[in-house]
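*Asks:* Need coordinates for the below:
(6 chains)
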Number of protein chains: 6
Amino acid sequence: MTRPSNRTASALRPVEIVTGFSHHAEGSALIRMGGTEVLCAASVESRVPGFLRNTGLGWVTAEYGMLPRATHTRGDREAARGKQSGRTQEIQRLIGRSLRAVIDRKLLGEMSITLDCDVLNADGGTRCAAITGAYVALALAIRKLQANNILKADPLIGQVAAISCGIYEGIPVLDLDYAEDSNAEADANFILTAAGGIIEIQATAEKATFDEAAFTTLLGLARTGTSALFAAQNAALDAA
Amino acid sequence: MTRPSNRTASALRPVEIVTGFSHHAEGSALIRMGGTEVLCAASVESRVPGFLRNTGLGWVTAEYGMLPRATHTRGDREAARGKQSGRTQEIQRLIGRSLRAVIDRKLLGEMSITLDCDVLNADGGTRCAAITGAYVALALAIRKLQANNILKADPLIGQVAAISCGIYEGIPVLDLDYAEDSNAEADANFILTAAGGIIEIQATAEKATFDEAAFTTLLGLARTGTSALFAAQNAALDAA
Amino acid sequence: MTRPSNRTASALRPVEIVTGFSHHAEGSALIRMGGTEVLCAASVESRVPGFLRNTGLGWVTAEYGMLPRATHTRGDREAARGKQSGRTQEIQRLIGRSLRAVIDRKLLGEMSITLDCDVLNADGGTRCAAITGAYVALALAIRKLQANNILKADPLIGQVAAISCGIYEGIPVLDLDYAEDSNAEADANFILTAAGGIIEIQATAEKATFDEAAFTTLLGLARTGTSALFAAQNAALDAA
Amino acid sequence: MTRPSNRTASALRPVEIVTGFSHHAEGSALIRMGGTEVLCAASVESRVPGFLRNTGLGWVTAEYGMLPRATHTRGDREAARGKQSGRTQEIQRLIGRSLRAVIDRKLLGEMSITLDCDVLNADGGTRCAAITGAYVALALAIRKLQANNILKADPLIGQVAAISCGIYEGIPVLDLDYAEDSNAEADANFILTAAGGIIEIQATAEKATFDEAAFTTLLGLARTGTSALFAAQNAALDAA
Amino acid sequence: MTRPSNRTASALRPVEIVTGFSHHAEGSALIRMGGTEVLCAASVESRVPGFLRNTGLGWVTAEYGMLPRATHTRGDREAARGKQSGRTQEIQRLIGRSLRAVIDRKLLGEMSITLDCDVLNADGGTRCAAITGAYVALALAIRKLQANNILKADPLIGQVAAISCGIYEGIPVLDLDYAEDSNAEADANFILTAAGGIIEIQATAEKATFDEAAFTTLLGLARTGTSALFAAQNAALDAA
Amino acid sequence: MTRPSNRTASALRPVEIVTGFSHHAEGSALIRMGGTEVLCAASVESRVPGFLRNTGLGWVTAEYGMLPRATHTRGDREAARGKQSGRTQEIQRLIGRSLRAVIDRKLLGEMSITLDCDVLNADGGTRCAAITGAYVALALAIRKLQANNILKADPLIGQVAAISCGIYEGIPVLDLDYAEDSNAEADANFILTAAGGIIEIQATAEKATFDEAAFTTLLGLARTGTSALFAAQNAALDAA
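*Replies:* Residues are numbered from 1 along each chain as shown, chains lettered A, B, ... in the order given. Modelled structure (predicted):
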């Protein structure tokens, strides 16, 4: 088997995380994974949704979008069509859950942080890139809240990154690009913590069912991939 | 640990599948798993969505709904609110994918089968019950198409069932009910085939991350649970 | 003339009212009139819409829906289409008005009761069945509120049932089924009280106008039909 | 009893029908009934909705609207709110049915006529005024189609008018204005033909149920009222 | 060049302003400019939008609509389609801005005045006619508020009117009607005050760009046109 | 007067135009004007909207959006809210008109080009930056169509750029940034061609009306500003 990109089965695409791209956001990160580019911006508000009022708990949520021409052929603009697709809602719910898993909402207190993840260019793996980039934007926003003495204690209790893996021409491979993603037998998204815990797994057979052995191999690849992503996140945060 | 229902960790709730509840549908199944009841109806149409026209391929899709008072407190009617929630769309996309995984769409030909899965009473596990019941409705509809010589060959190439598992008070348990689901540390949905293949896994940490060992235990429980569900499906189909 | 169902002109279809079908509702009734099945669930809330706040008056309202495959051919899911049809809104407004006519809203106090009427199988007369079933669900919910000492006095000041009549092949007949309804020259819905009062009449010429004599015959048939429905309602309430 | 307007129980308000108010419509009528003013415009199109294509049958339909400040206090603009209310849809469905009842759709052929009924000033009885005015607009549009040899035979097979009656302070009265309508014990809309036939009856108890005797009196009043309306329609058509 | 209406380049169409057309509005004006008729109604409410609460400032806003058959061929009803077009929103924003420019919002205090401008018949220039008519409705509403001692000081600090001009067959002309508007090389809307100030200019090349000299001629024509409109407004207000 | 940015009255902000930012678009330009950044992407499709089919004419249109955190405080995501604001629609209509003014639609033939203009960072003047950037994206897309022999003749018949000017603290100034825009007495957008023609002018009094002399000064500033923008466009196109 040869991957379309000529990468080895366990090779990640080049990763780059640029902070500060959004001038006004409390934290922001433009993440590039090969041809995929996602702009992640964290916005802090000093109020919570109705169901959390007077609970002492904070909220972290996410919204996801894709510029109409982030893709090979132009897609409809969701704002013009008047609704977000099921796919969009599914992805933004996933991003929100993943980030809430590394936040102590009691320490955050009654504040909200919204992560806007907008895909500027798409080449596969946009939801995983969004989670990995949003972690950096979130960490920067929290750093700013602490620097301004708005938060006393750090509510960030873990580090999260995400990567897709899949079975392509019978071989488990790491970090699918679009050419692979659209032809894979199975694909899976792993959201993991730097401490080794699993936050979420979504594994889907596309052309054929898969077995537990294949699944275990994919999880191993994901651990390899997220190790590199954790390092890239930390480098970006150190440089910011 | 004692489960709220006093079940053992690997005990399924009582399962009952009643066929023919919908008078007009080409196939239907009312599935009861404990206090959860989902009415699944298969509707056949002799045309496919635009993107499949003239491809020779058929389509299987699903829609999911919940009666406003299927739950402990009344929920908004989605038709009145004017849109389906993200949760609803996520679930109906999952049901559709799961059933397409056991259909040879070339053998189906340019026909569509829509599975309407409507929750009449909810007590946890509605999406898994919907998949398990929808398989029966789908199989009955296909049986009818073959009986009427509309289909020559059987496009059903597998048998699918789904079950949720979770970690409740530190212990992996099978088939979460609502009382467990709302307090579990982690929950996972497994969509498996009778041949032993994995169609889809969705595993989510709710209160704490989990590790590979716990995940493996959950998968084992799911295999136990789906064995019983495959038998219940077959019994219902034999009796129909 | 022979009716498609071979019934005599003044024969009602078999009526069955099953209470408690919805596990969580304060009151519920599954009503079957021949092939028509409607699940009616009453939900109590301790607040009223804005226009009634601080008036001391309660509110009773209804929502109506039809499962997509309740009908011979599948209909669109209103939640997916993003809006309720004019027909749906017209019916749910009628159900709400009919039930408010037998409630003393001052005795109810500032509470709301919502009647969800969902058609599981349709064979004509769904709006009338919904009203007849919703009365039972409403009465059960009020019984529960009195049993729990939330209501001191009984706000139910009348008993309501509804039946359709029509002119089919020139003859006035009682309780149209779908085969008759789609071919009737005229059809009418009568919402009557057990005390003999008229709550609402909707009479519509479909193929030819009708005269006062025909109308009077239809009203007579409706009195016959609702007598049987009042008895069925009382039997269901006695047994609950 | 004294009516707020000092009219006798069987007195209609002054009626005026002005044709040609809409410059571009194929037929139009501005109807005034006391303080109620409705502009009715008929638009002809040479195509029918999808469900009628290739059936040889024509279509007549209606849309109803109310200017935001037609009423005592300003109402929301439905276009701004993004949907038509249930009341609006109910009314426009009624207008459409009423006019279709006097059209031979085979003689009309595959053409559509849309009646736009827009309330410029509201003082009760707007739906009945809309029907009465829309008949004139429709008749003018058909006259024009015949004058232009687009229609050979006249598809208008009857004359329709509508009037509301009600029980006000215990007395049946004709043609409720807003002051009466908002305080009536019961109100009813009668859509009748000049030939004496009944097209539609909608009778609703508002504060108390009513009996057959009262209903019969209301129907008698309605016959009186529509006689005058038929004359006013004919005078307007003769003068046009 | 001959204008389709045979008017000279600087001739306005006949202008008529009828007050009191809307029975219930605090102020209203039906303005006719040739074949264009717009009904403008002012509604006063004693509250302001959220962003102005507790600022001491009032609000003036506008909504614009067109009856479906105001035009040569019937247009969709925006309420039925479920949204206002971009054109509608653009126009109503313009009307609102134009009127706020002649209101001292501090003197108005925390009250809202909404101007509903509904086009009954369209023959070009509807947005300009709406502004000119809305000024009269607004002035009448304010006069009433002063007469009722609700307002002490007059918040009306200017007089506004609007007129379209355009380049038609190479010649700058005043007050385009539909026949000209749909064939003009350029058209421009001028919103001017009686004191000679410019509130807003919108000038658009339709078929060819234009130069500063042409623009200056258009502005001159607009001053001529609005002089006549200011007089017509004052005459209507004096007569009311 | 000192401008918040310390610029002189006739000084433009630094302008930068980067081509190729969107990997998949037929043409793209990221334009920066000071702190304002707009990504403009041109998408070509080989079909036209219904109203142009079989006319031989092409279509150029635009859509505009703003990332939620492009602004100082986060704005709602229009896709989540379910509709585009009036402001958004007004802007995208303006961009589309401006670009169509420099296209010979007959030479383009029955093809569509959509310009997506998405604001990544906002600091005033986003609609003007969008027009200036969209011209570059459009020119690149046309260059590509010519290089691929899809277009024989060049349909680009002019060069367009846009700039805002305004009256700030009594002084006419060029290229308002956000700090100025939100406090200006008047602001105006000028869309001009390199050949000296006017495509569109929108001038609005915000706090006080303005006169013809002030307007003339603003137009002069705009000519200065667009000269620099035309040069920047040409440099970016030469380098691409």
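*Asks:* Show the pLDDT at the residue with the largest distance to the centre of chain A.
*Replies:* Ranked by distance from the centre of chain A (Cα atoms, centre = their mean), the top residue is A:Asn54, with 29.9 Å. According to the prediction, A:Asn54 has pLDDT 95.
*Asks:* Quickly note the distance from it to A:Ser112.
*Replies:* Here A:Asn54 is placed at a distance of 15 Å from A:Ser112 (Cβ to Cβ, to the nearest Å). C-beta: built from backbone N, CA, C; applies to glycine.
*Asks:* Residues of chain A that sit close to chain C?
*Replies:* Selection of chain A residues close to chain C by Cβ under 8 Å from any Cβ of the partner chain yields A:Lys83.
*Asks:* And the helices in chain A, which stretches?
*Replies:* Ranges of helices within chain A are A:78-81, A:86-100, A:105-108, A:126-147, A:178-181, A:212-239, based on DSSP state H.
*Asks:* Ok, which of these comes nearest E:Leu174?
*Replies:* Proximity to E:Leu174, assessed across the helices of chain A by Cβ to Cβ, is greatest for helix A:78-81 (37.2 Å).
*Asks:* now check the closest one, is it near chain F?
*Replies:* Yes - interface with chain F: helix A:78-81 contributes A:Glu78, A:Ala79, A:Ala80 (Cβ under 8 Å from any Cβ).
*Asks:* Tell me if that helix is near chain E.
*Replies:* No - using Cβ under 8 Å from any Cβ, helix A:78-81 never reaches chain E; the gap is at least 10.4 Å.
*Asks:* Please name the nearest non-neighbouring residue to the residue of chain A found nearest chain C.
*Replies:* Of all residues in chain A, A:Lys83 sits closest to chain C, at 7.6 Å by Cβ to the nearest Cβ. Leaving aside its chain neighbours, A:Lys83 sits nearest to F:Gly82 (5.8 Å; criterion: Cβ to Cβ, 6 or more residues apart in numbering or on different chains).
*Asks:* which residues touch the residue most central in space within chain A?
*Replies:* Chain A has A:Ile131 as the residue nearest its centroid, 1.3 Å off, counting by Cα atoms, centre = their mean. By Cβ atoms under 8 Å, 6 or more residues apart in numbering or on different chains, the contact list for A:Ile131 reads A:Leu94, A:Ile95, A:Ser98, A:Leu99, A:Val160, A:Ala161, A:Ala162, A:Ile191.
*Asks:* for A:Gly35, same thing?
*Replies:* A:Arg13, A:Asn121, A:Ala122, A:Asp123, A:Asp177, A:Tyr178, F:His23.
*Asks:* hang on, the earlier thing: for the residue farthest from the centre of chain A, phi and psi?
*Replies:* phi 70, psi 30 (degrees, to the nearest 10).
*Asks:* With A:Val48 as the reference, measure out to it.
*Replies:* 9 Å.
*Asks:* Same check on A:Leu39?
*Replies:* In this view, A:Leu39 and A:Val48 are 25 Å apart by Cβ to Cβ.
*Asks:* These two: who's more crowded?
*Replies:* A:Leu39 (25 against 20; other Cβ atoms under 10 Å in any protein chain shown).
*Asks:* residues contacting whatever residue of chain A ends up closest to chain D?
*Replies:* Of all residues in chain A, the one sitting closest to chain D is A:Gly82 (9.4 Å; Cβ to the nearest Cβ). Shown in contact with A:Gly82 (Cβ under 8 Å, 6+ apart): E:Lys83, F:Gly82, F:Lys83.
*Asks:* for those residues, which one is nearest B:Asp238?
*Replies:* Top of the list for closeness to B:Asp238, among the contacts of A:Gly82 and by Cβ to Cβ, is F:Gly82 at 47.7 Å.
*Asks:* related to what we said a few turns ago, in TSV: the contacts of A:Ile131, plus pLDDT and neighbour count.
*Replies:* Output for the contacts of A:Ile131, formatted as TSV (pLDDT from 0 to 100; neighbours: other Cβ atoms under 10 Å in any protein chain shown):
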residue	pLDDT	neighbour count
A:Leu94	97	25
A:Ile95	98	27
A:Ser98	97	30
A:Leu99	98	25
A:Val160	98	29
A:Ala161	98	28
A:Ala162	98	28
A:Ile191	98	30
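*Asks:* Could you find which two of these are furthest from each other?
*Replies:* Greatest spatial distance among those (Cβ to Cβ): A:Leu94 and A:Ala161, at 13.6 Å.
*Asks:* Run through chain A and note the low-pLDDT ranges.
*Replies:* Along chain A, the parts satisfying pLDDT under 70 run over A:1.
*Asks:* List, one by one, the residues from it near chain F.
*Replies:* So chain A meets chain F at A:21-25, A:28, A:35, A:39, A:41, A:43, A:45, A:63, A:65, A:67-74, A:77-80, A:82-84, A:88, A:114, A:116, A:118, A:120-121, A:123 (Cβ under 8 Å from any Cβ).
*Asks:* For ChimeraX, what selects the buried ones among the residues you listed?
*Replies:* Restricted to buried positions by 16 or more other Cβ atoms under 10 Å in any protein chain shown, the ChimeraX selection for these reads:
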select /A:21,22,23,24,25,28,35,39,41,43,63,65,67,68,69,70,71,74,77,78,79,80,82,83,84,88,114,116,118,120,121,123
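*Asks:* before we move on, back to that, what's the distance between the residue of chain A closest to chain C and D:Arg81?
*Replies:* Applying Cβ to Cβ, the value for A:Lys83 to D:Arg81 is 17 Å.
*Asks:* Now for A:Gly58: which residues touch it?
*Replies:* A:Val48, A:Leu52, A:Ile103, A:Arg105, A:Lys106, A:Leu108, A:Gly109, A:Glu110, A:Met111, A:Ser112, A:Ile113, A:Pro155.
*Asks:* I'd like the residues you listed written out as CSV, with distance to D:Val173 added.
*Replies:* Output for the contacts of A:Gly58, formatted as CSV (distance: Cβ to Cβ, whole Å):
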residue, distance to D:Val173
A:Val48, 56
A:Leu52, 56
A:Ile103, 67
A:Arg105, 64
A:Lys106, 67
A:Leu108, 65
A:Gly109, 64
A:Glu110, 59
A:Met111, 62
A:Ser112, 58
A:Ile113, 64
A:Pro155, 70
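*Asks:* Go through those and flag which are in strands.
*Replies:* A:Ser112, A:Ile113 (DSSP state E).
*Asks:* Now list the buried members of the contacts of A:Gly58.
*Replies:* The neighbour count (16+ other Cβ under 10 Å) marks A:Val48, A:Ile103, A:Arg105, A:Leu108, A:Gly109, A:Glu110, A:Met111, A:Ser112, A:Ile113, A:Pro155 as buried among these.
*Asks:* shared neighbours of A:Leu94 and A:Ala161, which are they?
*Replies:* A:Ile131, A:Ile191.
*Asks:* Contacts only, for A:Ala205.
*Replies:* Contacts of A:Ala205 by Cβ under 8 Å, 6+ apart are A:Glu185, A:Ala186, B:Ala101, B:Gly197, B:Ile198, B:Ile199, B:Glu200.
*Asks:* who does it bridge with?
*Replies:* Applying DSSP bridges to A:Ala205 yields these beta-bridge partners: A:Ala186.
*Asks:* Any chance of JSON lines for the contacts of A:Ala205, columns neighbour count?
*Replies:* Shown next, in JSON lines, are the contacts of A:Ala205 (neighbours: other Cβ atoms under 10 Å in any protein chain shown):
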{"residue": "A:Glu185", "neighbour count": "18"}
{"residue": "A:Ala186", "neighbour count": "23"}
{"residue": "B:Ala101", "neighbour count": "23"}
{"residue": "B:Gly197", "neighbour count": "18"}
{"residue": "B:Ile198", "neighbour count": "22"}
{"residue": "B:Ile199", "neighbour count": "27"}
{"residue": "B:Glu200", "neighbour count": "22"}
